[in-house]
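> only geometry, no sequence info:
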């Protein structure tokens, strides 16, 4: 059911996103792709296309990190205990995100290079476009 919703989305927006037609089987195979080598071209193309389109949306640099730091400050001010999600604390998450995906909006995701770097660009995009509220609803 979930796969067909995504496929419907991509079918409906394939022209504005400049995506070629692909089958549900190809899409499902790309979602099940779990190895680094060889890379999955369909995943790279879909994400690169979405990243290129998100570059046109206004954003606040590092909004996700700022949101996490505010949450940490609120926890400290209220003398609450820091909760972890999936065993990861806010400090650990901030440290891991700090140097990944910077300048994502300028990274060239070239077809000839297999869209290399789309993963870092995606993390950078999420850092700049999302906030902790988005993360909260995605987890729960």
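Ah, there it is. Small disclaimer: the values here were computed from a predicted structure and weren't measured. Numbers count the residues shown, from 1 in each chain.

> neighbours of residue 14, just the number please.
Using other C-beta atoms under 10 Å, residue 14 is surrounded by 14 other residues. Any C-beta I mention is one placed from the backbone N, CA and C, and that applies to glycine too.

> That one and residue 8 touch, don't they?
No: with contact defined as C-beta atoms under 8 Å, residue 14 and residue 8 do not form a contacting pair (10.6 Å).

> Now for the residue nearest the centre of the chain: which residues touch it?
Residue closest to the average C-alpha location in the chain (C-alpha atoms, centre = their mean): residue 122, at 4.3 Å. For residue 122, the contacting residues are 47, 51, 101, 104, by C-beta atoms under 8 Å, 6 or more residues apart in numbering.

> hmm, 6 Å instead?
residue 47 (C-beta atoms under 6 Å, 6 or more residues apart in numbering).

> now residue 88
Per C-beta under 6 Å, 6+ apart, neighbours of residue 88: none.

> Could you tell me the phi and psi values at it?
Dihedral pair for residue 88: phi -110, psi 130, per degrees, to the nearest 10.

> Quickly note the distance from it to residue 20.
Distance, residue 88 to residue 20, using C-beta to C-beta, to the nearest Å: 37 Å.

> How about stretch 107-125, which residues are buried there?
107, 109, 114, 115, 117, 118, 119, 121, 122, 123, 124, 125 (16 or more other C-beta atoms under 10 Å).

> what's the pLDDT at the third one?
The one in question is residue 114. Note on residue 114: pLDDT of 82.

> Next one: the nearest residue to it once chain neighbours are set aside from residue 81, what distance?
Computed as C-beta to C-beta, 6 or more residues apart in numbering, the closest residue to residue 114 that is not its neighbour in sequence is residue 39, at 5.8 Å. From residue 39 across to residue 81, the span is 41 Å (C-beta to C-beta).
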